[in-house]
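[1] I'll drop the sequence and a predicted model, then ask my questions.
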Amino acid sequence: GDAVVLASKLDLHKADGIGVFYRESLPSESVLPADFPNSRLGFVNPFPDEDGVVRRMTLKTDIPHETKKFRTDPETLSRLEILSERTPDIPSFALAIAESVSESFQPPFEIETGASYLVNYSGRQGSFPILSAIDFFLPGQRERAAHHVDGAIVIIAPVAERFKDKYETSFEMLLGAEIHAHTLRNLLLGNFLRETGPGARALWLAALSLLAALATLVPRNVAAKSSLLVLSVVVWLVGCQLAFNSGEWVLPAGAGLLLLSITGIGLLVHEYLLEQMERRQVKQYLNRYVSSSVAKVLLEEGGGFERLRKGEVRAVSLLFSDIRGFTSASESRNPAELTAQLNEYFDAMVDPIFDSGGSLNKYIGDAIFAVWGDLYPRGEKTDATNALATAVQMRSALARLNRDWASQPDRVPFRIGIGLRFR
């Protein structure tokens with residue numbers, strides 16, 4: 001006749017003087033066959049992970065091995081270890097069914113006592129047909145139900161909510177019978193999910209740490225660093241999915257993602273803090289020796305404190321202008337009138353400097369000192385041309401000022417001299 005496998009259950013018990021231990025609960029004597037204990041039995045415990053999700057299934061175990069999970073004293077553990085070697089293994093419900101299908105059945109790998117294996121769930125609830133027992137007795141339903149089970153492996157189990165035989169899985173809540181069906185399918189097809197070992201996981205995580213470090217340390221700007229870090233995360237997640245699709249390999253996707261994020265963000269924050277400290281150091285140094293415009297350019301261009309200390313040689317064009325006879329003329333002028341006229345003069349003179357890309361280095365009394373190529377170099381020839389053009393524009397601007405001042409009794413005409421130096 002057809003092979004029958006009955007379900008047993010490993011129940012926790014507690015006894016005075018003994019402590020917590022497992023015990024196998026057998027089916028009711030009314031359903032046990034006459035040739036018991038030679039009939040096939042398989043335990044149906046799912047053993048969820050710590051978060052309550054059933055990801056793995058134990059395929060065979062024994063009472064001492066399971067009891068060790070709840071004992072801590074070395075003497076008891078030692079006795080249980082010895083007892084486990086002498087106690088026959090109890091197959092899981094799925095393994096017992098697989099062995100009953102064919103006596104020549106061989107597991108796809110060597111099954112270790114107490115070891116759990118990742119279930120390769122083939123779908124959500126309803127992946128396997130679920131029939132009600134009443135279908136086999138109702139006219140019109142009997143034939144269809146019989147057709148479904150003809151030549152098939154049938155698991156008879158309660159499905160009503162009151163039996164509380166549902167468990168959280170990687171997909172969703174599944175009936176206990178469905179979990180055993182998925183496990184049985186993995187046994188028959190040999191397609192359990194494969195996990196990388198501790199050594200391989202350590203190598204993967206070390207490689208990801210190196211990848212995150214390279215992504216954040218090699219590029220120079222923050223946008224490139226962030227883009228490479230995001231790309232690394234995408235490549236890792238896609239690689240995990242491809243490994244799962246092609247060979248049922250389960251890589252440490254979550255740990256890898258967390259490691260990439262922590263390493264990458266940590267290095268970015270660390271580099272940002274170092275950069276801010278360096279900028280403050282450079283700014284303090286610059287404020288003591290150079291103008292604010294030079295300090296701004298150095299901070300924007302980067303290069304750090306070392307670049308500032310070493311200095312930098314650039315080819316620049318210099319312009320120096322002053323008012324002829326200003327010192328002697330100022331002795332006889334009203335100070336307020338002289339200051340107002342001098343301000344008008346400076347306003348007219350600096351506009352051509354800024355318009356041509358030069359920088360105002362300083363005022364020296366009535367003199368103006370301007371530079372091209374120090375902050376924003378445009379090429380030696382271009383800077384020299386701009387300096388020369390500025391000198392011509394300054395002379396034209398002064399001519400306009402003198403014409404305007406001719407009608408003002410509190411103004412006197414200015415004459416200037418301009419010197420240029422190119423190198």
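    Structure received.
[2] Roughly how far does residue 345 sit from residue 352?
    13 Å (CB to CB, to the nearest Å). Using the backbone N, CA and C atoms, a C-beta is placed for each residue, glycine as well.
[3] Kindly report the same for residue 73.
    Taking CB to CB, one finds residue 73 at 93 Å from residue 352.
[4] for residue 91, same thing?
    95 Å.
[5] Residue 27 too?
    103 Å.
[6] Residue 73 and residue 352 - which one has more neighbours?
    residue 352 (21 against 9; other CB atoms under 10 Å).
[7] Wait, that one touches residue 387, no?
    No: Residue 352 lies out of contact with residue 387 (CB atoms under 8 Å); the separation is 10.3 Å.
[8] Count the residues that sit near the closest residue to residue 158 other than its chain neighbours.
    Nearest residue to residue 158 in three dimensions, chain neighbours excluded: residue 165, at 5.9 Å (CB to CB, 6 or more residues apart in numbering). If you count neighbours by other CB under 10 Å, residue 165 ends up with 18.
[9] Surely residue 148 is within a helix?
    Yes: per DSSP: H, G, I helix; E, B strand; the rest coil, residue 148 lies within a helix segment.
[10] show me the contacts for it.
    129, 131 (CB atoms under 8 Å, 6 or more residues apart in numbering).
[11] need the contact list for residue 372.
    316, 317, 319, 356, 357, 358, 359, 378, 383, 384, 386, 387.
[12] rerun at 10 Å
    Shown in contact with residue 372 (CB atoms under 10 Å, 6 or more residues apart in numbering): 315-319, 353, 356-359, 378, 380, 382-388, 390, 422.
[13] and residue 267, how far is that from residue 79?
    51 Å.
[14] same thing with residue 27?
    Per CB to CB, residue 27 is found 30 Å from residue 79.
[15] which SS class is residue 66?
    Per three-state DSSP, residue 66 ends up helix.
[16] Could you double-check that it sits in contact with residue 21?
    Yes: counting by CB atoms under 10 Å, residue 66 touches residue 21, with 8.7 Å between them.
[17] Could you list the low-pLDDT ranges of the stretch 151-300 of the chain?
    Residue ranges of the stretch 151-300 of the chain with pLDDT under 70: 247, 285-300.
[18] The protein: helices as residue ranges?
    63-67, 74-86, 93-101, 142-149, 176-189, 198-217, 222-247, 253-289, 292-301, 304-310, 326-330, 335-355, 380-405 (DSSP state H).
[19] Turn these into CSV, including distance to residue 134.
    Listed next are the helices of the chain as CSV, based on distance: least, CB to CB, whole Å:
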stretch, distance to residue 134
helix 63-67, 37
helix 74-86, 44
helix 93-101, 24
helix 142-149, 9
helix 176-189, 17
helix 198-217, 50
helix 222-247, 40
helix 253-289, 44
helix 292-301, 81
helix 304-310, 81
helix 326-330, 115
helix 335-355, 94
helix 380-405, 95
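[20] what's the overlap in contacts for residue 352 and residue 387?
    Common neighbours of residue 352 and residue 387 (CB under 10 Å, 6+ apart) are 319, 358, 370.
[21] Filter the residues you listed down to just the ones in strands.
    Among these, the members falling in strands are 319, 370 (criterion: DSSP state E).
[22] Save the shared contacts of residue 352 and residue 387 as CSV, and put in pLDDT too.
    Shown next, in CSV, are these (pLDDT from 0 to 100):
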residue, pLDDT
319, 95
358, 88
370, 93
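[23] between residue 66 and residue 21, which one's more packed in?
    residue 66 (23 against 19).
[24] thinking again about what came up before, show me the contacts for the residue nearest to residue 158.
    With CB under 10 Å, 6+ apart, residue 165 has these contacts: 44, 46, 157, 158, 159, 174, 175, 176, 177, 178, 179.
[25] same deal with residue 320?
    So residue 320 contacts 361, 364, 367, 368, 369, 370, 417, 418, 419, 420, 421 (CB under 10 Å, 6+ apart).
[26] Identify the bridge partners of it.
    residue 369, residue 419 (DSSP bridges).
[27] got the buried residues for stretch 117-134?
    117, 118, 119, 120, 121, 128, 131 (16 or more other CB atoms under 10 Å).
[28] Let me fix that, I meant to ask about stretch 95-106.
    Buried, per 16+ other CB under 10 Å, within stretch 95-106: 95, 96, 97, 98, 99, 100.
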